[in-house]
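Chemist: What follows is a predicted protein model with its sequence.
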Amino acid sequence: MNLGQRKPDYFRSAFEEGVFEAAYDSRQQRLRRRLALSILGLKHALRGLLFSWPAYVLALAVAYSGTFHALAFLLLLIPAVLLSVYLLLKGVRDDYHCGVENVLLRQDFVRQLIWPRTEK
């Protein structure tokens, strides 16, 4: 089995499929997949914060203003935060599906997760 390669759609033999499944279910690969999920979550969370930090600063400013209208402004920001969380989770799920699921991860998989190569 080649590390870094996606699971084939079909195997030539049951033995080959068993070898892939044994390698994929190994402790090392499970730990790498957990680390990949954590890294993808952190990557998308930081990207989301960099994109939507003005909304969070606005929410803090409104919260500390002490006016009656502050609650209404904060209630308007709740859908924006929920949408942001939804997009974050969808991005993590899509990246996990494309780069981690059914793949035997190599030792240098972290670099590939953070800066993916685009194939031409």
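Modeler: That came in fine, so what should we check first?

Chemist: right, and residue 88 touches residue 44 too?
Modeler: Yes. Contact criterion C-beta atoms under 8 Å: residue 88 and residue 44 qualify, at 5.0 Å. (C-beta placed from N, C-alpha, C; glycine too.)

Chemist: element containing the most centrally placed residue in the chain?
Modeler: Centroid-nearest residue in the chain: residue 92, 2.4 Å away (criterion: C-alpha atoms, centre = their mean). Assigned by DSSP states H and E, residue 92 belongs to helix 69-99.

Chemist: average pLDDT across that helix?
Modeler: On average, the pLDDT along helix 69-99 is 85.

Chemist: Any buried residues in it, and which?
Modeler: 77, 84, 88, 91-92, 95-96, 99 (16 or more other C-beta atoms under 10 Å).

Chemist: and of those residues, the nearest to residue 10?
Modeler: residue 99 (21.5 Å; C-beta to C-beta).

Chemist: How much space separates that closest one from residue 71?
Modeler: Distance, residue 99 to residue 71, using C-beta to C-beta, to the nearest Å: 42 Å.

Chemist: next one: residue 10
Modeler: In terms of C-beta to C-beta, residue 10 sits 59 Å off from residue 71.

Chemist: Check residue 41 too.
Modeler: Computed as C-beta to C-beta, the residue 41 to residue 71 distance reads 31 Å.

Chemist: Thank you kindly, that will do.
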